[in-house]
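In: Quick check, what structure comes out for this input:
(2 chains)
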Number of protein chains: 2
Amino acid sequence: MAAELSVPDLIAKHRPTLDQALEAIRTRAYWSPHPEHPKAYGENGSLDAAAGKAAFDAVLNTRLDLGQPGTDDWTGGEVSPYGIELGVTYPHADADVLLPALKAGQRAWRDAGPETRAVVCLEILKRISDRTHEFAHAVMHTSGQAFMMAFQAGGPHAQDRGLEAVAYAYAEQVRTPDAAEWTKPQGKKDPLALTKRFTPVPRGIALLIGCNTFPTWNGFPGLFASLATGNAVLVKPHPRAVLPLALTVQVARDVLAGAGFDPNLVALAAERPGEGIAKTLATRPEIRIIDYTGSTSFGDWLEANARQAQVYTEKAGVNTVLVHSTDDYKGMLANLAFSLSLYSGQMCTTPQNLLVPRDGIRTDAGSKTFDEFTADLARAVDGLLGDDARANALLGAIVNPDVKARLEAAAGLGEVALASREITNPDFPDAVVRTPVIVKLDGARKYWEGADDQAAYMSECFGPVSFAVAVDSAADAVELLRRTVREKGAMTVGAYTTDPEVERAVEEACLEEAAQLSLNLTGGVYVNQTAAFSDFHGSGGNPAANAALTDGAFVASRFRVVEVRREA
Amino acid sequence: MAAELSVPDLIAKHRPTLDQALEAIRTRAYWSPHPEHPKAYGENGSLDAAAGKAAFDAVLNTRLDLGQPGTDDWTGGEVSPYGIELGVTYPHADADVLLPALKAGQRAWRDAGPETRAVVCLEILKRISDRTHEFAHAVMHTSGQAFMMAFQAGGPHAQDRGLEAVAYAYAEQVRTPDAAEWTKPQGKKDPLALTKRFTPVPRGIALLIGCNTFPTWNGFPGLFASLATGNAVLVKPHPRAVLPLALTVQVARDVLAGAGFDPNLVALAAERPGEGIAKTLATRPEIRIIDYTGSTSFGDWLEANARQAQVYTEKAGVNTVLVHSTDDYKGMLANLAFSLSLYSGQMCTTPQNLLVPRDGIRTDAGSKTFDEFTADLARAVDGLLGDDARANALLGAIVNPDVKARLEAAAGLGEVALASREITNPDFPDAVVRTPVIVKLDGARKYWEGADDQAAYMSECFGPVSFAVAVDSAADAVELLRRTVREKGAMTVGAYTTDPEVERAVEEACLEEAAQLSLNLTGGVYVNQTAAFSDFHGSGGNPAANAALTDGAFVASRFRVVEVRREA
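Out: Numbering: from 1, shown residues only, chains lettered A, B, ... in the order given. Predicted coordinates:
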């Protein structure tokens, strides 16, 4: 049984955090209530490292009974990219029973209003935060992220993104007041007077379709945005990354019940191997909102077919870094090497194409030819990953065989500037750990009509593969960047240049094609990282994603406002 | 040549109005800067009645040359529902020339920023306001509205809706600051520090597809929301209601040019008879936003096929008034009679189905049987329209032969409680003027399986036709209301009841089906009227419309935010 939670207590406890989040999304300065350091946990009810590990171990090889109605079977089968079988089974639901159950509590949840919904969401996030160490292992052993990344990106950063979504959802709902007195003068006659009440109402049931690589980070925004706007949420995790979202559902159900709401407002839809329930669920009339992260093909299918729903997609893109000139060559190489290596390039934000003038680049260490630059970058990656322990801590594991196959095939696409190496993970000998490959290609305009090079660099090659693409000039690079974003989409764009004109041209291309741009990063911030409350993740304006995390557009259509007016 | 307009002057002139509009959408109290009374015009540069009429007369039988590029021909042919031929011809455009021209000025318009765009939009609205008398005649002679309605709904009320859209667009864009300094502590190490710039960028070209009955009122919100968020706007008017939007385009182009922007940011796409260019334009890749008011079939087509665009539709619905009980029988009858008569019921908000318990209703004038109520309502309409001059002033003219045909067919659908009468308009003998018909139908559950009555009341019968539908009980009425909204959509719902339980049930149905509810209106406010800055027009949550006028969702997806970040 969940402890009883009083709504006034939750408001007293969480309203200050909500207010800080509201201020953060207004100023977009740095802010986070979720500590990044593993040692920050272990007090005030949060699990420390040992307790988190123990909690994770305790759930392995068990049936995770969420107490959901309509459970007709149990299903599971996750195998960690680090080699261990999780052995957890989850409820398999009869949708015809579960969907009505999701609806049942919606009226009370709607009537609770935006502030109560927000603080209940914040309590869910707080309890997830307390279990960050446990979640870190769950994310690590489903995504293949190295522990520290699973801890930070899957823990505090994901929680930040969830909280950011709650803040946007709250702000959007309270833009319209609860009530208004409307009095219209009529000259000498009595004024017309109406009393109006405004109620944010949910769309219905939201479906969250989770991804393999960032189950919490990419899942929390949609989940919390929908829940905070009054919708019930059905969570359909990626079959290889169920546990982090199943634990999330468990916490959410517990908090909802504790606060007096129907726990079935949040439920899990785990599937049998090969069942493909996302398609079936996505077109059910009860599903009115869908959040999806994954392949372009299924994202496009959802946009075209789930017409009864508001569909928010993050799909694939081809991320470009334009390398023109720098006054910190060493810093640039180190920054790029880290970006290419982090999580074996398995981030939707990892750069893929490095566009470099074939005549070379100007740097504080002298001019560098295209070949010199690629050789230096290869050395920088080698240096970064030279120590196996450090390499394992940065690379994590290859998430699935498809990524491994792409990596292996990439070496055949052109001249290899840096070959991929196998790394052994002493703790997890079955983990597939690989360093990135860098392949040289030619992006000259004459190839644009169909040469193989273009086929390579104009497709997303998800994983630790990047292409150093020789171009004729900075102008050509900008043109190719623009074309890549327009045709293929991009979650991120990077550029290195000391030339104000080139900088302006890159900026203009990004403004026109709606791509998020990082300029001249040489320190400890990387093009593939975004911070909640400040950075937008994606723009929603190019083919990589139809939504951004998080802005007004991400929340505004998740609810509607119903007005009831009567004479005053 | 337009007079030169300085942006600082425009800000000084219009910022106070913008601030008041921002405050109005926050409080939703009564506010309007646009006078409703015809006599309020004639000073400070605005046209009085005579000058407005003269301006309208002067444009008749002329070529309205907007100076648009790509004009390959001239087209026209509007015939007023009052019988006169307007004789105005408009530029017919080669889309392959006009669309690139619309794009050309977009960068400067984007760089101008939200405040400049807002005040330029407000200057356009101000100049339209000054010409309200001229627009009134243009609206009257395209929509068939009576003069006073064309004046108010087509003038100040439409201008209010445009200004409201500008206010929402401005507020949405400035939620994210122009710039932010982001500093993340790193323990004992130097903090990470980034400088970030945020720019709202337009989606591309917006297409406004206008309607016949409310060219300005339904057209201004999308036009101004798109323009204020940095998009160029192509205006495709209904072929029978070109003039009001052509004049709007003319004013917009004049103001844009005067303020130093490319006038081609707003252009007209008039079509040849039967050309059907809306379909062709709507699927052009350059068109990224569409606003549409009209038939459900074409709205559904747009939503399904214009996949490259954000599509905002207002389609058809079946509006219901539940009549259960009242403590002001006379007021209720007068209010309903007015609602059914105004503009011959040719409003998307006009009630169609009056659901009445067959056992009758309780009123302050005693119980009334279903038949007594319908007879009393018929008498109230007769009384309201008994004087021909008053009838003409309220009814306006039937907008097209389809409406007339539906009206004539309606009498065959059931027992006629009130027959439609022909009225002569002495000023315009060719105008088709008709009083409303009220037909009695039976809504008993036994009919739900397919009786003719249901076929009638479950379809939109646009025009001066309403159905008094006998139901078994208040509960059945609520159930039928709910089903009607869910299946057919509704722009408005009304209810009369003195019973708190019935009231609650109706409210709950409207909250669950996302319909806007007016309760117990017996005075000078009518269910078919909404006031900008306070009332929402539609909800966007039922099949009648996928958007509401105006809320955050109506503007938030018309632009995207691009971030450029660099090390501080």
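In: would you list every one of the strands in the stretch 251-400 of chain A?
Out: For the stretch 251-400 of chain A, the strands defined by DSSP state E, counting those that start in this stretch cover A:266-268, A:287-293, A:310-314, A:320-323, A:325-326, A:353-357, A:362-363.
In: want to try a markdown table for those strands, with distance to A:Thr71 and mean pLDDT as columns?
Out: Bear in mind the C-beta positions are built from the backbone N, C-alpha and C, glycine included. Formatted as a markdown table, the strands of the stretch 251-400 of chain A follow (distance: least, CB to CB, whole Å; pLDDT from 0 to 100):
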| stretch | distance to A:Thr71 | mean pLDDT |
| --- | --- | --- |
| strand A:266-268 | 10 | 98 |
| strand A:287-293 | 19 | 98 |
| strand A:310-314 | 28 | 97 |
| strand A:320-323 | 47 | 98 |
| strand A:325-326 | 57 | 98 |
| strand A:353-357 | 47 | 98 |
| strand A:362-363 | 61 | 98 |
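In: Please convert those to JSON lines, extending it with mean neighbour count and distance to A:Ile277.
Out: Output for those, formatted as JSON lines (neighbours: other CB atoms under 10 Å in any protein chain shown; distance: least, CB to CB, whole Å):
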{"stretch": "strand A:266-268", "mean neighbour count": "28", "distance to A:Ile277": "12"}
{"stretch": "strand A:287-293", "mean neighbour count": "26", "distance to A:Ile277": "12"}
{"stretch": "strand A:310-314", "mean neighbour count": "24", "distance to A:Ile277": "17"}
{"stretch": "strand A:320-323", "mean neighbour count": "28", "distance to A:Ile277": "36"}
{"stretch": "strand A:325-326", "mean neighbour count": "22", "distance to A:Ile277": "49"}
{"stretch": "strand A:353-357", "mean neighbour count": "26", "distance to A:Ile277": "35"}
{"stretch": "strand A:362-363", "mean neighbour count": "20", "distance to A:Ile277": "53"}
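In: In contact with the nearest residue to A:Arg362 once chain neighbours are set aside: list those residues for me.
Out: Spatially, and ignoring its direct neighbours in sequence, A:Arg362 is nearest to A:Ser325 (4.2 Å; CB to CB, 6 or more residues apart in numbering or on different chains). When contacts are counted by CB atoms under 8 Å, 6 or more residues apart in numbering or on different chains, A:Ser325 touches A:361-363, A:496-499, A:502.
In: Out of those residues, who's the most crowded?
Out: Neighbours here are counted as other CB atoms under 10 Å in any protein chain shown. On that basis the top member of these is A:Tyr496, with 29 neighbours.
In: Not counting sequence-adjacent ones, nearest residue to that one?
Out: A:Thr326 (4.7 Å).
In: Could you count how many residues lie near whichever residue of the stretch 201-350 of chain A sits closest to chain B?
Out: For the stretch 201-350 of chain A, the residue closest to chain B is A:Val201, as judged by CB to the nearest CB, at 5.3 Å. Look at A:Val201: counted by other CB under 10 Å, it has 23 neighbours.
In: where's it relative to A:Glu563, distance?
Out: Distance, A:Val201 to A:Glu563, by CB to CB, to the nearest Å: 11 Å.
In: Checking whichever residue of the stretch 101-250 of chain A sits closest to chain B next. Helix, strand or coil?
Out: Residue nearest to chain B within the stretch 101-250 of chain A (CB to the nearest CB): A:Ala180, separated by 4.0 Å. Assigned by DSSP: H, G, I helix; E, B strand; the rest coil, the conformation of A:Ala180 is strand.
In: burial count for it?
Out: Using other CB under 10 Å, A:Ala180 has 22 neighbouring residues.
In: so it touches B:Ser534, yeah?
Out: Yes. The pair A:Ala180 / B:Ser534 is scored as a contact, 6.3 Å apart, by CB atoms under 8 Å.
In: Residues that sit against both of the two, list them.
Out: In contact with both A:Ala180 and B:Ser534: A:196, B:28-29, using CB under 8 Å, 6+ apart.
In: Let me see the domain layout of chain A.
Out: A:62-316+A:550-567, A:320-519 (automatic domain parsing).
In: can you give me the end-to-end distance of the shortest one?
Out: Taking CA to CA, to the nearest Å, the span from the opening residue of domain A:320-519 to its closing residue is 12 Å.
In: Neighbours of A:Asp57, how many?
Out: A:Asp57 has 11 nearby residues by other CB under 10 Å.
In: do A:Ala54 as well
Out: A:Ala54: 14 neighbours (other CB under 10 Å).
In: A strand includes it, no?
Out: No. Going by three-state DSSP, the assignment for A:Ala54 is helix, not a strand.
In: Look up how far A:Leu60 lies from it.
Out: Relative to A:Leu60, and taking CB to CB, A:Ala54 is found at 11 Å.
In: Same check on A:Glu508?
Out: Applying CB to CB to A:Glu508 and A:Leu60 gives a distance of 52 Å.
In: who has more neighbours, these two?
Out: Higher neighbour count among A:Glu508 and A:Leu60: A:Leu60, with 17 against 14, using other CB under 10 Å.
In: Could I get the contacting residues of the more buried one?
Out: Neighbours of A:Leu60 in contact, by CB under 8 Å, 6+ apart: A:84, A:86-88.
In: ok, how many other residues are close to A:Thr424?
Out: 12.
In: which residues sit in contact with it?
Out: Contacts of A:Thr424 by CB under 8 Å, 6+ apart are A:388, A:433.
In: For it, report the pLDDT, please.
Out: Listed pLDDT for A:Thr424 reads 97.
In: Of the domains of chain A, flag the one that's most buried.
Out: Of all these, domain A:62-316+A:550-567 has the most neighbours on average by mean count of other CB atoms under 10 Å in any protein chain shown, namely a mean of 22.
In: I'd like the distance from that domain to the chain centre, please.
Out: 14 Å (CA atoms, centre = their mean, to the nearest Å).
In: That one spans what distance, first to last residue?
Out: 60 Å.
In: one step back: how far away is the residue nearest to A:Tyr496 from A:Ala146?
Out: According to CB to CB, A:Thr326 and A:Ala146 sit 29 Å apart.
In: Same check on A:Ala270?
Out: In terms of CB to CB, A:Ala270 sits 26 Å off from A:Ala146.
In: re the thing from before, which residues are in contact with the residue of the stretch 101-250 of chain A closest to chain B?
Out: Residues near A:Ala180 by CB under 8 Å, 6+ apart: A:195-196, A:198, B:27-29, B:534.
In: Is A:Glu563 in a helix, a strand, or coil?
Out: strand.
In: And for A:Arg26?
Out: From three-state DSSP, the assignment for A:Arg26 is helix.
In: Tell me how many other residues crowd it.
Out: For A:Arg26, the neighbour count with other CB under 10 Å is 16.
In: Can you check what pLDDT the model gives it?
Out: 97.
In: B:Arg175 is in contact with that one, correct?
Out: Yes. Under the criterion of CB under 8 Å, A:Arg26 is in contact with B:Arg175, at a separation of 7.3 Å.
In: Okay, and A:Glu123 sits in which element?
Out: Assigning secondary structure by DSSP states H and E places A:Glu123 in helix A:106-130.
In: what helices or strands is that helix leaning on?
Out: helix A:7-27, helix A:156-173, strand A:189-202, helix A:220-228, helix A:243-258, helix B:500-513 (3 or more CB pairs under 8 Å, 6 or more residues apart in numbering or on different chains; DSSP states H and E).
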